[in-house]
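Undergrad: Whatever this is, show me its structure:
(chains A and B, ligands or ions: 2)
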Amino acid sequence: MQTVKIVVTGPFSAGKTEFIRSVSEIDVVSTERKITAEAEKIKNSTTVAMDFGRISIDDELVLYLFGTPGQRRFDFMWEILSEGMLGFIVMVDSARPETFREARSILETFRAYAPTPYVVAANKQDMDDAWDLEDMRVALRLDPNVKFLPCVAQDKESVKKVLLELLYTILAEMEAGD
Amino acid sequence: MALKGNLRDFTITQLLNLVNLACKTGTLVIEGPGDVAQISFREGKLAYAQLGQRDNSLAGILRKNKKISARQYAILAERATKMSDKELGILLVNAGYLSQADIIESLQQNFVYIIRQLFTWVEGFFRFDADMLPPSDKIPVRLDLENLIIEGSRQLREWELLQQEIPSLDMALKFTDRPGTNIKDVNLSVEEWRVVSYVSPKNTMRQVAQVTKLNDLEIRRVVYALLQAGLVEIVRPGGAPASVSARAFRTEDKEQQKSFVNRIIDRILSI
Ligand SMILES: Nc1nc2c(ncn2[C@@H]2O[C@H](COP(=O)(O)OP(=O)(O)OP(=O)(O)O)[C@@H](O)[C@H]2O)c(=O)[nH]1
Ligand SMILES: [Mg+2]
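TA: Ligands and ions are numbered 1, 2, ... in the order given. Model prediction:
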């Protein structure tokens, strides 16, 4: 059985777990913990080691989706998770500009691990406070060639679109590398 | 829609960078500690700035810049109360008091002075209003933002933030190919010029730091300023294009690898 993996990363509470949950055929094996620190109480639980989702392709092939923990104090997991990945997705909460610096930092860190193809998703585009994609692109310092896609992580179609764009990018890289 | 936030998370220079690179038109309203600033832009250039209720009249600015005397100011304050800045400007030029360049330069200096004060604000709410244009009775200026961005970015000293912005010194730099930006028009420091002379996808930032004798903090500070001003971007050393990891698949057969990716695509399309 051949397995391939795609990593979903991004700052705390960007929507990584939600993203994987929307397309995984198994209940996401999540290592969520209740959040106790008052300062981080923008939601009730957070991923501490990783999320793990699966999409079986056929008898020979399985795609695993790994979500990284968003909080920096778990970043020792990042490099381990990124080993041998096919590509990665950086999720950014469009309505929380206070996380953009962290998003840039995560993106640069992953980019330094390996020259792996990636796309960036502007998540939570359904929220009133969501920033426009053009503004986010500049704020995140994304190269014009990098695919930057609107996303709503609870919406399966939107998640599929992001995954597909990453796969098209991967395919294009493979063809260019021939 | 919303382009708003807090300066704690998004600095003034980052906002100027956004306006500059996205060529924005509109007004940035910043509610700082005890003061409100309004900075207007046209197509990514600074057009107007006002801090609180401070005197921002042309006569007041010219007086502050010693372009007119206290006596002339008193006369203008008395006689020209009903005149807009535009009308007053035309009057002063026609009367041979001042040249148009004198006036524009004074206004620019005043606006730059206001923005420099904003660099010291570390907290405050900001919002960008694309429908709010510079006041129509004011004399419009057009000032490139790169120099202000570089100047403001140099003030970022916190090690942690710089490390966050530039996590790996093993990446390289390349010049951006943005039309309209000429590095020669930007006021760089000697240190910055030295770094600029080594900018190439062939050199990692660590190598550049070595030859320019800068420590990890110093090289990050210089690179950060250049990045913010949109002059350089971070690339993989050697300019290596993205490539799929050899270990992503168990097979080394390229055609089979592509077939796997195509099958994943088909499967996701069918979910
Ligand atoms: N409105 C809206 N809410 C979303 C979206 N995506 C995620 N959320 C919500 O945002 C919160 C955070 O989502 P998570 O999936 O837990 O985020 P995460 O990135 O896994 O967070 P950590 O693991 O703690 O870093 C949850 O309450 C989600 O329901 C979206 O696209 N729109
Ligand atoms: Mg999570």
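
Undergrad: so how far is A:Glu98 from the residue of the stretch 1-150 of chain B found nearest ligand 2?
TA: Of all residues in the stretch 1-150 of chain B, B:Asp9 sits closest to ligand 2, at 20.8 Å by CB to the ion. No exception for glycine: its C-beta is placed from N, CA and C like everyone else's. Counting by CB to CB, to the nearest Å, the gap from B:Asp9 to A:Glu98 is 3 Å.

Undergrad: hmm, back to that, my read is the residue of the stretch 1-150 of chain B closest to ligand 2 is in a helix, agree?
TA: No - applying DSSP: H, G, I helix; E, B strand; the rest coil, one finds B:Asp9 to be coil, outside a helix.

Undergrad: That one reaches A:Arg104, doesn't it?
TA: No - the criterion here is CB atoms under 8 Å, and B:Asp9 misses it with A:Arg104 at 11.9 Å.

Undergrad: Least confident secondary structure element in the chain?
TA: Let's take chain A. Ranking every helix and strand in chain A by mean pLDDT, DSSP states H and E puts strand A:29-34 at the bottom, with a mean of 68.

Undergrad: Not quite, go with chain B.
TA: When each helix and strand of chain B is scored by mean pLDDT, DSSP H and E, helix B:70-79 comes last, with a mean of 85.

Undergrad: tell me which strands and helices the longest strand seen in chain A is in contact with?
TA: Assignment by DSSP state E gives strand A:45-56 as the longest strand of chain A. Here strand A:45-56 touches helix A:16-23, strand A:29-34, strand A:61-67, helix A:76-82, helix B:254-270, going by 3 or more CB pairs under 8 Å, 6 or more residues apart in numbering or on different chains; DSSP states H and E.

Undergrad: Just give me the neighbour total for the residue of chain B found nearest ligand 1.
TA: Of chain B, the residue with the smallest distance to ligand 1, taken as CB to the nearest ligand atom, is B:Ala2 at 14.0 Å. Using other CB atoms under 10 Å in any protein chain shown, B:Ala2 has 16 neighbouring residues.

Undergrad: Stretch B:253-271 close to chain A?
TA: Yes - Stretch B:253-271 reaches chain A (CB under 8 Å from any CB of the partner chain) through B:254, B:257-258, B:260-265, B:267-269, B:271.

Undergrad: now swap in stretch B:178-197 and tell me
TA: No - Stretch B:178-197 lies apart from chain A when judged by CB under 8 Å from any CB; the minimum separation is 9.6 Å.

Undergrad: wait, is A:Glu175 part of a helix?
TA: Yes - according to three-state DSSP, A:Glu175 belongs to a helix.

Undergrad: roughly how far apart are it and A:Phe148?
TA: For A:Glu175, the distance to A:Phe148 - CB to CB - is 22 Å.

Undergrad: more neighbours, the two?
TA: Set side by side, A:Glu175 and A:Phe148 show more neighbours around A:Phe148, with 19 against 10, by other CB under 10 Å.

Undergrad: Nearest residue to the more buried one in space, please, no chain neighbours.
TA: Excluding the flanking residues, the one nearest A:Phe148 by CB to CB, 6 or more residues apart in numbering or on different chains is A:Val120, at 4.9 Å.
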